[in-house]
Structures are given as structure tokens and as C-alpha cells.
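A.B. asks: this is the structure alone, sequence omitted:
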């Protein structure tokens, strides 16, 4: 079910409200807003500009190796914006300004729920 919800974010246009989630990953709580793979690469200050290059390479690869193209369409990662990490007994970890992005493996998610954790 979580995969279907994450994929539903792909169909939303830029500016659509993002869904907040809390994930359990390896004993940490990871909270943030679901974003598309495109938004992760396009809006992340570290990866900005990589999206166009990545898309060009993907199109070339699909043209050269159509049998691989369908496998590349499978979702393996989740992308979050405004991410924060919570560890038991520790203060939350986030980036300055709270605008951090995170990309994690779907296989590493142990549990999830809708919502957002906040510092008290």
C-alpha cells in the first residue's frame, strides 16, 4: 500500500501539496514530505542540474537497450523533502533551514504512517 501512495505523488504537478510521512528505517524515525524523483533531483541544491543529464542518459539507454527499459521503471527509492531524523534519546537531526532532501531504499523501510514529527 505504501508503494502505491508514494507512486501517487508522481502524478501530482509541481506546486501540489506534498504528503507528510513518518518512516521507521533501521531504528531511526525519518519524517518529511513525499516528493517525486524529479523534484528530488531538480529542487535539491546539491543535485540541481543533474535531472536533465540523468533523463538524457536514461533515454539513450532505453533506445540502446529496450529490454532494460522496463526494469528501470520499477521503483526502488523513496524521496523526501524537509526531512528530519529522530533517534531515541537524541535531539532531532535536520539540515539548516529544514530544507534537506533524502533518498532512501524502499526495501529499508520497516514501517510507516502518515503525519509529521515535530520538535517539542
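C.D. replies: Everything's here; your move. This is a predicted model, so every value here is computed, not measured.
A.B. asks: okay, buried residues for stretch 75-83 please.
C.D. replies: 78-83 (16 or more other C-beta atoms under 10 Å). C-beta coordinates here come from the backbone N, C-alpha and C atoms, glycine included.
A.B. asks: neighbours of the closest residue to residue 46 other than its chain neighbours, how many?
C.D. replies: Among residues not flanking residue 46 along the chain, residue 101 sits closest, at 7.6 Å (C-beta to C-beta, 6 or more residues apart in numbering). Residues near residue 101, counting by other C-beta atoms under 10 Å, number 20.
A.B. asks: and the next element down the chain from the helix-or-strand element of the chain with minimal mean pLDDT?
C.D. replies: Across the helices and strands of the chain, mean pLDDT, DSSP states H and E gives its lowest value to helix 66-72, namely a mean of 59. Next along the chain after helix 66-72, taking DSSP states H and E as the criterion, comes strand 77-86.
A.B. asks: how far does stretch 86-93 sit from its chain's centre?
C.D. replies: 21 Å (C-alpha atoms, centre = their mean, to the nearest Å).
A.B. asks: can you get me the start-to-end distance on it?
C.D. replies: 6 Å (C-alpha to C-alpha, to the nearest Å).
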